[in-house]
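Visitor: Turn this into a model:
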Amino acid sequence: MDTKIIIGLVVYLLINICAFLIMSLDKNRSQGSRPRISEGTIFFWTICLGSIGVYLGMFAFRHKTRKIYFTVGIPLLILQNFTLLFFLAYVYKNYLI
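Guide: Predicted coordinates:
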C-alpha cells in the first residue's frame, strides 16, 4: 500500500475521532451551565470528513437525535463525504497511471 494512502486513512480516522469527541464534549456541557459547542462547529467537522464520528457520537451519547437537521443532514453529509473520498481516490488513481 502506498504511504500517501496510509497517511490519508490515518488523517481520516483522526478527524472522525475528534468529531466523536466533540459530540461527547458538547453532551457533557449541555448537562451543566458551561458554554456549548455551536452547531455550526459540529457541522463544520462533519463537512471536513468527520461525518462518521459525528453520526456515531449522536447515538453513542444520545445527543442531537431529536433535531431533524441532524438526523437527516448528517447521513446526507456522510454520503457527500464518501462521494468526495471516491472522487479523490479516482483522481489519485488516474494521476498515478
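Visitor: got the residue ranges for the strands in the chain?
Guide: Using DSSP state E, no strands are assigned anywhere in the chain.
Visitor: Which parts of it are helices?
Guide: If DSSP state H is used as the criterion, the helices of the chain fall at 3-30, 39-45, 51-60, 68-71, 73-96.
Visitor: Give me whichever of the ones you listed is most buried.
Guide: Mean neighbour counts were compared across the helices of the chain using mean count of other Cβ atoms under 10 Å; the top stretch is helix 51-60, at a mean of 20. No exception for glycine: its C-beta is placed from N, CA and C like everyone else's.
Visitor: shaky segments in the chain?
Guide: 1, 95-97 (pLDDT under 70).
Visitor: Now with 90, please.
Guide: 1-8, 32-33, 88-97 (pLDDT under 90).
Visitor: Which residue lies nearest the spatial centre of it?
Guide: residue 50 (1.6 Å; Cα atoms, centre = their mean).
Visitor: wait, that one sits on residue 18?
Guide: Yes. Residue 50 lies in contact with residue 18 (Cβ atoms under 8 Å); the separation is 6.6 Å.
Visitor: Report the set of residues contacting both of those two.
Guide: Listed as contacting both residue 50 and residue 18 by Cβ atoms under 8 Å, 6 or more residues apart in numbering is no residue at all.
Visitor: how close does residue 30 get to residue 61?
Guide: 10 Å (Cβ to Cβ, to the nearest Å).
Visitor: hang on, I meant residue 47
Guide: Residue 47 is 20 Å from residue 61, by Cβ to Cβ.
Visitor: repeat for residue 55
Guide: 12 Å.
Visitor: you'd agree residue 64 is up against residue 58?
Guide: Yes. Residue 64 lies in contact with residue 58 (Cβ under 8 Å); the separation is 5.4 Å.
Visitor: Residues that sit against both of the two, list them.
Guide: Residues within reach of residue 64 and of residue 58 at once, by Cβ under 8 Å, 6+ apart, are 23, 70.
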